[in-house]
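Q: Turn this into a model:
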Amino acid sequence: MKKVLSISLALLTSILILSACGKKNVNDHKTISAPKPTLSDALNTSGISLEKYDQIKYTNQQLNGGDSNKKIISILGKPTSSKQTKLTNNDPATQYTWQMGGSAQLQYIFAIIYKDKVLSKGFQQNTNSKIVSKAKIKALNNSMTFKEVKAKLGAPLSEQVSDGVAFMTYQTDKNNHACNLTFSNNKLSKTEFVTLSSN
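A: Numbers count the residues shown, from 1 in each chain. Below is the predicted model of the structure:
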């Protein structure tokens, strides 16, 4: 069965009011799991890539700047699916998902659209992505920015980014272990070692 890292849906709806800072916390091997995403082979997703994902610009919390609903579709094409969701302030938003076929390295890209702006974006790769050692992750420090960490470690197994808050997960071995990194105000604020769910 495929091993799938699941991004908690709670992360998708907490963007507007999340703000946290503090010391880096390290916890060992907590188990995380969530429903396995449905994959679709019916849609031609050959044009979807992390390079195109990187072109997507998200707005700030005052809704200044960032790409529109129309712009993101012009970059990635028609989404595989969309659903209505709510932010933690109870405002309605739409989640778009672009899913790849089951054998694709890039599993899916998603975006949260709020008032015709990209509020948050993220992606997930297969769990056979690049392995990053625990030693490299433990060498990170709280002064490092999101971009600095990504430049040092490379593309993660999954990520979600928005204005002021970001999350990345790196696989640390072939035995289903990984590390979640949380960024607040563009600084690394939490490091948590976890076990990926196996579905």
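Q: which stretches of this structure form helices?
A: For the chain, applying DSSP state H gives helices covering 9-12, 50-55, 69-76, 134-138, 146-153.
Q: Mind putting those into TSV with mean neighbour count, distance to residue 164 and mean pLDDT?
A: In this view, the C-beta of every residue, glycine as well, is placed from N, C-alpha and C. As requested, those are exported to TSV (neighbours: other C-beta atoms under 10 Å; distance: least, C-beta to C-beta, whole Å; pLDDT from 0 to 100):
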stretch	mean neighbour count	distance to residue 164	mean pLDDT
helix 9-12	14	13	38
helix 50-55	13	19	92
helix 69-76	16	20	94
helix 134-138	13	22	95
helix 146-153	15	10	94
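Q: Just tell me which of these ends up closest to residue 115.
A: With C-beta to C-beta as the criterion, residue 115 lies closest to helix 69-76 of these, at 9.5 Å.
Q: What helices and strands are in contact with that closest one?
A: Counting contacts by 3 or more C-beta pairs under 8 Å, 6 or more residues apart in numbering; DSSP states H and E, helix 69-76 packs against helix 50-55, strand 106-114, strand 117-125.
Q: Go through the helices of the chain and name the closest to residue 175.
A: Proximity to residue 175 (C-beta to C-beta) singles out helix 134-138 among the helices of the chain, at 12.0 Å.
Q: List the contacts of that closest one.
A: 26, 152-153, 170, 172, 179, 181, 191, 193 (C-beta atoms under 8 Å, 6 or more residues apart in numbering).
Q: For burial, what's the neighbour tally of the closest residue to residue 79 other than its chain neighbours?
A: Excluding its sequence neighbours, the residue lying closest to residue 79 (C-beta to C-beta, 6 or more residues apart in numbering) is residue 96, at 4.0 Å. Using other C-beta atoms under 10 Å, residue 96 has 21 neighbouring residues.
Q: Enumerate the beta-bridge partners assigned to residue 96.
A: Residue 96 has these beta-bridge partners by DSSP bridges: residue 82, residue 111.
Q: Just to check, it is in contact with residue 108?
A: No - contact criterion C-beta atoms under 8 Å: residue 96 and residue 108 do not qualify, at 10.3 Å.
Q: Now flag whichever of the contacts of helix 134-138 is closest to residue 78.
A: Of all the contacts of helix 134-138, residue 170 has the smallest distance to residue 78: 30.8 Å, by C-beta to C-beta.
Q: wait, what's in contact with the closest one?
A: Counted by C-beta under 8 Å, 6+ apart, residue 170 has contacts 132, 137, 153, 156-157, 178-179, 181.
Q: Among those residues, which lie within strands?
A: Mapping the contacts of residue 170 onto strands (DSSP state E) picks out 178-179, 181.
Q: closest to residue 72 among those?
A: residue 181 (24.9 Å).
Q: can you tell me which of the helices and strands packed on helix 69-76 comes nearest to residue 92?
A: Closest to residue 92 of these is strand 106-114 (C-beta to C-beta; 8.2 Å).
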